[in-house]
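Peer 1: Sequence and predicted model, in that order:
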Amino acid sequence: MCGIVGYVGERMAIDVLLDGLKRLEYRGYDSVGVAIASEELKLFKDKGELSKIEAQIPRWKGKMGIGHTRWATCGRPSKNNSHPFVDCTGRIALVHNGIIENHLSLRKQLEDEGHVFTSETDTEVLVHLMERHYNGDAHAALMAALSQVKGTYAVAAMVEGDDRIVVSRKENPLVIGLGVGENMVASDVTALLSLTNRVLYLLEGESAIVTAGGITLFDADGNKVEREPSTVTWTVEDAEKGGFEHYMLKEIYEQPTAIHNSLLGSLDEIYAGAIIPDIEINSVKLVACGSSSHAAMVGKYIIEEMARLPTTVELASEYRYSPGTGESPLTILVTQSGETADTLAAAREARQRGCRTLAVTNLVGSTISREADHVFYTNAGPEISVAATKSYITQLMAMYLLGLRLGTMRQTLDRAEVRSLSNELRSMPRYVSGVLDRASEIEEAVDMLAKADHIFYLGRNINYPTMLEGALKLKEISYIHAEGYAAGELKHGPLALLDANTPVVAACVNDHTREKMLGNISEVAARDSPVLGIGVEGDRELEAITDA
Ligand code: M6R
């Protein structure tokens, strides 16, 4: 995923940019580039990792610059396709995240006018459009360029000899970090934290002129606007590895704290109606992508059980294609980042359909948090590893808290049940710590999975989405093919794939699905598949029919 940084102030811009780009490396990238605007524009870009090419980047003295990490989409990874892009005069530089859909027709027009292109990318049209419109005002030129494109963008540009970075966004995040006598822009707040924790999130369609002395903000119609900055509570240390071998491990170990932070205050807020006011709710729809959609599926079981409300789950990427039923369910958008394009599009569509929307998100100030009618923050802290771990478990906490709130509103839960469920939730950090304390046992148990090419994850009822999440995580992290199945579906086809080389991970806990799960595990074992059981400590019956 691409990353943008920009700096203007008193320091050597190149140092700030390289630091910012390193903090964005976790998002993955294949090329990197920087441009510094001193008296004349300096540019360095290439494909490859920053650590391998950093030594070749000259330490120019300029105090303003922009930088980019590219994850190739339009045009293969190469030096020419890397950002920043520079216009034909060599004076304007620009970096972009997003997609310019009409780039081919624009490119043709610009080439006919004599503009010479150096890359295969969609982005390059933007810098030539700026050149076409530049008349001494970088902001006006950027606005004119953007008015001609169809697509999405977070964009930062600057002109040689000028003292302004100009930025705008549409469906891609962009945040401005406010320092003293210096300011920064980035596509991700993580890149700014070493400079400042005072930030201004650009809203949809907004643009800004960023100088060392201040920010001029414009709304989507070009009118000047003012807004108070937000304060980010994450520290640089929160965003760093803290002694762990990698970020994912660190974030797995942060789960107890994340759960604690996510519950902190939330139980009170939930009961005080701060998150869902006393409104009539006849049904609920949960909409999300990826891991968040698995949390949403868990949410369906919880809300139906606790609040007796008809609840459906839809993938955000599919939501817009469904015709809608004419009803207006409370629509809960679950998204860690609050910036996932399909989930944002679904939120907008839901509002158009007359639905009240509630965002469950981790990122304060994210687009979804500003666009939804109500927001529930999961407070998991920064998720650097990209793989959802602590953010997923806090989404599950959010689902329980929402279930409690809806159940109380609808009086489907009595006081004693609410008290007992709340106490159980408060014990969650302790339970999770208990599992983490057994990491070495878990490490031994997963040996049987490490060499497999295919693995099945089985569960029933509320554990079924958790098994889908297990399979997703395994695919994403180990590149081993894994499928999550509702255990009862196994006999309808996939059983044919099981043999001694295809391990199965099965969730079997003490609930009403236990007997059926024990039966499924026996079926699997009969086909010689090694079984890793996930159950309650001391469950001898489960231990007797599983291999680990
Ligand atoms: O930020 P979001 O929760 O909207 O992201 C949705 C998915 O991309 C995300 O949950 C993804 O599946 C996980 N990071 C995978 O570990």
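Peer 2: Right, received. Where do you want to start?
Peer 1: Please make it C-alpha for all contacts and neighbour counts, starting now.
Peer 2: Fine.
Peer 1: Walking through the stretch 201-350 of the chain, point out its strands one by one.
Peer 2: Remark: strands assigned in the stretch 201-350 of the chain by DSSP state E, counting those that start in this stretch are 207-210, 215-218, 224-225, 230-231, 284-288, 311-315, 330-335.
Peer 1: With mean pLDDT as added columns, please give those in JSON lines.
Peer 2: Formatted as JSON lines, the strands of the stretch 201-350 of the chain follow (pLDDT from 0 to 100):
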{"stretch": "strand 207-210", "mean pLDDT": "98"}
{"stretch": "strand 215-218", "mean pLDDT": "97"}
{"stretch": "strand 224-225", "mean pLDDT": "96"}
{"stretch": "strand 230-231", "mean pLDDT": "88"}
{"stretch": "strand 284-288", "mean pLDDT": "98"}
{"stretch": "strand 311-315", "mean pLDDT": "97"}
{"stretch": "strand 330-335", "mean pLDDT": "97"}
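Peer 1: nearest to the ligand, of these?
Peer 2: Among the strands of the stretch 201-350 of the chain, strand 330-335 comes nearest to the ligand, with 3.5 Å by CA to the nearest ligand atom.
Peer 1: Which residues does the closest one contact?
Peer 2: With CA atoms under 8 Å, 6 or more residues apart in numbering as the test, strand 330-335 has contacts from 281-289, 292-293, 295-296, 343, 347, 350, 355-362, 395.
Peer 1: among these, which are in reach of the ligand?
Peer 2: Cys289, Ser292 (CA under 6 Å from any ligand atom).
Peer 1: Out of the contacts of strand 330-335, name the ones that lie in helices.
Peer 2: Counting by DSSP state H, the part of the contacts of strand 330-335 found in helices is Ser292, Ser293, Ala295, Ala296, Thr343, Ala347, Ala350, Gln395.
Peer 1: could you flag which of those residues are buried?
Peer 2: Ser292, Ser293, Ala295, Ala296, Thr343, Ala347, Ala350, Gln395 (16 or more other CA atoms under 10 Å).
Peer 1: which of these sit farthest apart?
Peer 2: Greatest spatial distance in those: Ala350 and Gln395, 20.6 Å, computed using CA to CA.
Peer 1: What is the end-to-end distance of stretch 210-230?
Peer 2: 17 Å (CA to CA, to the nearest Å).
Peer 1: I misspoke; the intended subject was stretch 172-190.
Peer 2: First-to-last residue span, stretch 172-190, CA to CA: 16 Å.
Peer 1: Pull the residues that contact it.
Peer 2: Contacts of stretch 172-190 (CA under 8 Å, 6+ apart): 3-10, 23-24, 97-98, 152-154, 168, 192, 195-202, 210-214, 236, 239, 339, 366-367.
Peer 1: Out of the residues you listed, which end up buried?
Peer 2: Buried among the contacts of stretch 172-190 by 16+ other CA under 10 Å: 3-9, 23-24, 97-98, 152-154, 168, 192, 195-202, 210-212, 236, 239, 339, 366-367.
Peer 1: If we check the ligand, which of those residues are in contact?
Peer 2: Applying CA under 6 Å from any ligand atom to these, none is adjacent to the ligand.
Peer 1: Filter those down to the ones in strands?
Peer 2: 3-8, 97-98, 152-154, 168, 198-201, 210 (DSSP state E).
Peer 1: what residues does the strand or helix carrying Ile393 touch?
Peer 2: In this structure, Ile393 sits in helix 390-409 according to DSSP states H and E. The contact list for helix 390-409 (CA under 8 Å, 6+ apart) reads 251-252, 254-255, 258-259, 262-263, 266-267, 270-271, 273, 276, 278, 291-292, 295-296, 298-299, 302-303, 306-308, 334, 336, 360, 362, 376, 378-380, 383, 413-414, 418, 425.
Peer 1: between the helix or strand that that helix is followed by and helix 390-409, how big is the angle?
Peer 2: Proceeding N to C from helix 390-409, the next assigned helix or strand is helix 415-436, under DSSP H and E. Here the directions of helix 415-436 and helix 390-409 differ by 170 degrees (axes from the mean of the first three to the mean of the last three CA atoms, to 10 degrees).
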